[in-house]
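Trainee: Kindly return the folded structure for what I paste below:
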Amino acid sequence: MLKEHIKTIFLTVLIILSCFLTYKTWIYTPEFESIDTTLSLPPMSSQGEVVSFKDTTRAYQAVHIKDNEEIGTMSKEFLDEFRDLFQGKEVTEVQQEQPINQLKSEALIESNEILIIDYYSEMPARTFLTMFEMDTDKDHIDFNFDRIILEMRDDDTILNLVTEDRTSFTSYKIDIPKSEIETVINNHSDLFIDYSMVISNAETSNRLTAIYGPKSPGKQKVHQFIPSTLSVSTMNETLFSSSDVEQKQSKDITVYESDTEIATYSANNYQYSFMNLKEADSNTLSPYRTIEKSFIFLNGHMGLTAKDILFDYDDEESTVIYKPMLNDYVVFSDEIMSEILVTVRKGTIAEYSRPMIQVNANIPSDLSTTLDDLEKVRYKIVIDENYDFSKVSKIILAYELKHNEDQSELNVVDYIPSWYILYDGEWVKYDIEDES
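Mentor: Model prediction:
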């Protein structure tokens, strides 16, 4: 009898242990870890992740200026926690749009402490306020900005939202005391590094409107990945309204066409493009609604990941642009499709382009590159006859995505840290060589 009880207990323990190990196996999902390079991953229709809107609309850097010391961070950890301070806060006072000169008050110019939050491009104020569930008069939210200058006070904070051309601003008073902001900064002090201020023209001529970036980025690691492809056929099934789709091949371009829709895929740069051929009205939606519609469309077929951010909005074309991030740097590429573009019309999505690869398979590498100090970047642009320095409005650290020069069957891609500048409205890689 005793043996039977012991046997029952032993079998029960084995069953429980087996269930536990099975559960751990199911939930294990490694990311950016070294893998067996012989592994072949199956194609997928999308990167398979539903994301929140606020995670796609994050800033790229925070700059803390105190007692003439400039420090900053591009850390997602800090920017996310700082962002959460705004959630559900009350807007107690709003000021209409004003010329930027009104912002250059003694309180800010001579203040001992300023916090600046920068975005890659202009965002509608309504998007910002809606994202954080801030209630305010709808008459005061038709405004685009790419910089927030925080005036921190004992009982509340003034958010000064500044236009990309640094000519005007609008202000919102919210119920966040200075102490709460200082606590977040102090808790992440180890993430801040020395920053430098750059003046490129009259619009960036003081510390409220100047260009900021890391002072001395120095040696930076080059990351290598093995890309896996997404399924073009499954993407077509998702987007085409008809099952009667004709396929044509022309060198490295594959064309898929129905009566009302057409798509192309390039094997060279992994770019998939879809176009709705139906007649569509011109877009009469506001920038806020256009961005919202693009996000709903992408999230509907899990076309975004937590690494993708809202990068830019082309008002003239009604096109919303999303880009991937890696280690807090945005990714650019002239060789491989690295952005998602959604063109919106009033009643439909007119055009959609995206990369058909994902890069979760990291290869261990000792490769690195050393970047110029920001002051050297500024100096070399100033003296280069190919540039007009007054047209520079942003200088950032980013990754350049390229095919590995020593190509093999693994088709390795490199993420190379580089300086990028926003020059005359276009992002270009800073690649001025030292004079010999």
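
Trainee: The one helix or strand Thr170 maps to - contacts with which helices or strands?
Mentor: Using DSSP states H and E, Thr170 sits within strand 168-174. If you count contacts as 3 or more Cβ pairs under 8 Å, 6 or more residues apart in numbering; DSSP states H and E, strand 168-174 packs onto strand 91-99, strand 144-152, strand 157-162. In short, each C-beta sits where N, CA and C put it, glycine included.

Trainee: Can you give the contact residues for that strand?
Mentor: Here strand 168-174 makes contact (Cβ atoms under 8 Å, 6 or more residues apart in numbering) with 86, 89-100, 102-103, 125, 129, 134, 136, 140, 143, 145, 149, 156-163.

Trainee: right, so of the helices and strands packed on strand 168-174, which gets closest to Glu182?
Mentor: Shortest separation from Glu182 across the helices and strands packed on strand 168-174 is recorded for strand 144-152, at 7.6 Å, computed as Cβ to Cβ.

Trainee: mind listing what's buried in that closest one?
Mentor: Using 16 or more other Cβ atoms under 10 Å as the test for burial, strand 144-152 gives 144-152.

Trainee: Same check on stretch 249-268?
Mentor: Buried residues in stretch 249-268 (16+ other Cβ under 10 Å): 254, 256-258, 261-265.

Trainee: Can you lay out these as JSON lines showing pLDDT, secondary structure and distance to Thr73?
Mentor: Converted to JSON lines, these look like this (pLDDT from 0 to 100; DSSP: H, G, I helix; E, B strand; the rest coil; distance: Cβ to Cβ, whole Å):
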{"residue": "Thr254", "pLDDT": "95", "secondary structure": "strand", "distance to Thr73": "43"}
{"residue": "Tyr256", "pLDDT": "96", "secondary structure": "strand", "distance to Thr73": "44"}
{"residue": "Glu257", "pLDDT": "94", "secondary structure": "strand", "distance to Thr73": "48"}
{"residue": "Ser258", "pLDDT": "93", "secondary structure": "coil", "distance to Thr73": "48"}
{"residue": "Glu261", "pLDDT": "94", "secondary structure": "strand", "distance to Thr73": "44"}
{"residue": "Ile262", "pLDDT": "95", "secondary structure": "strand", "distance to Thr73": "44"}
{"residue": "Ala263", "pLDDT": "96", "secondary structure": "strand", "distance to Thr73": "41"}
{"residue": "Thr264", "pLDDT": "97", "secondary structure": "strand", "distance to Thr73": "40"}
{"residue": "Tyr265", "pLDDT": "97", "secondary structure": "strand", "distance to Thr73": "39"}
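
Trainee: what's the domain layout of this protein?
Mentor: Structural domains annotated on the chain: 29-57+218-436, 59-215, as defined by automatic domain parsing.

Trainee: then stretch 49-69 to CSV, C-alphas only?
Mentor: Only the C-alpha atoms of stretch 49-69 are listed here, as CSV (Å, rounded to 0.1, in the frame of the first residue of the first chain):
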residue,chain,number,x,y,z
GLU,A,49,3.2,42.7,-33.0
VAL,A,50,0.4,45.0,-31.9
VAL,A,51,1.9,48.2,-30.5
SER,A,52,0.5,51.2,-28.6
PHE,A,53,0.3,54.5,-30.3
LYS,A,54,2.3,56.3,-27.6
ASP,A,55,5.2,53.9,-28.1
THR,A,56,5.4,55.0,-31.8
THR,A,57,5.4,58.7,-31.0
ARG,A,58,8.4,59.0,-28.8
ALA,A,59,11.0,61.8,-28.7
TYR,A,60,14.6,61.0,-29.6
GLN,A,61,16.5,63.0,-27.0
ALA,A,62,16.2,65.0,-23.8
VAL,A,63,18.6,67.9,-23.0
HIS,A,64,19.0,69.1,-19.5
ILE,A,65,20.6,72.5,-19.1
LYS,A,66,21.6,73.6,-15.6
ASP,A,67,24.1,76.2,-14.5
ASN,A,68,25.5,76.4,-18.1
GLU,A,69,26.1,72.7,-18.1
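
Trainee: re the thing from before, what's the closest of the buried residues of strand 144-152 to Ile340?
Mentor: For the buried residues of strand 144-152, the residue nearest Ile340 by Cβ to Cβ is Asp146; the value is 19.9 Å.

Trainee: if I pick the closest one, what's in contact with it?
Mentor: 118-123, 162-164.

Trainee: Highest neighbour count among these?
Mentor: Counting neighbours by other Cβ atoms under 10 Å, Met123 comes out on top of the contacts of Asp146 with 25 neighbours.

Trainee: Quick check, pLDDT for the closest residue to Phe145 other than its chain neighbours.
Mentor: Nearest non-adjacent residue to Phe145, counting by Cβ to Cβ, 6 or more residues apart in numbering: Leu161, 3.8 Å away. You'll see Leu161 listed with a pLDDT of 95.

Trainee: partner residues bridging Leu161?
Mentor: With DSSP bridges as the criterion, Leu161 is bridged to Ile148, Thr170.

Trainee: Take the buried residues of strand 144-152 and write them to JSON lines, including pLDDT.
Mentor: JSON lines is the format used below for these (pLDDT from 0 to 100):
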{"residue": "Asn144", "pLDDT": "92"}
{"residue": "Phe145", "pLDDT": "95"}
{"residue": "Asp146", "pLDDT": "97"}
{"residue": "Arg147", "pLDDT": "97"}
{"residue": "Ile148", "pLDDT": "95"}
{"residue": "Ile149", "pLDDT": "94"}
{"residue": "Leu150", "pLDDT": "93"}
{"residue": "Glu151", "pLDDT": "89"}
{"residue": "Met152", "pLDDT": "89"}
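
Trainee: which one of these is nearest Gly300?
Mentor: Of all the buried residues of strand 144-152, the one sitting nearest Gly300 is Asn144; the distance, using Cβ to Cβ, is 25.9 Å.

Trainee: so who does the nearest residue to that closest one once chain neighbours are set aside touch?
Mentor: In this structure, Asn144 finds its nearest non-sequential neighbour in Glu122, 4.1 Å apart by Cβ to Cβ, 6+ apart. Shown in contact with Glu122 (Cβ under 8 Å, 6+ apart): 144-146, 163-164, 313.
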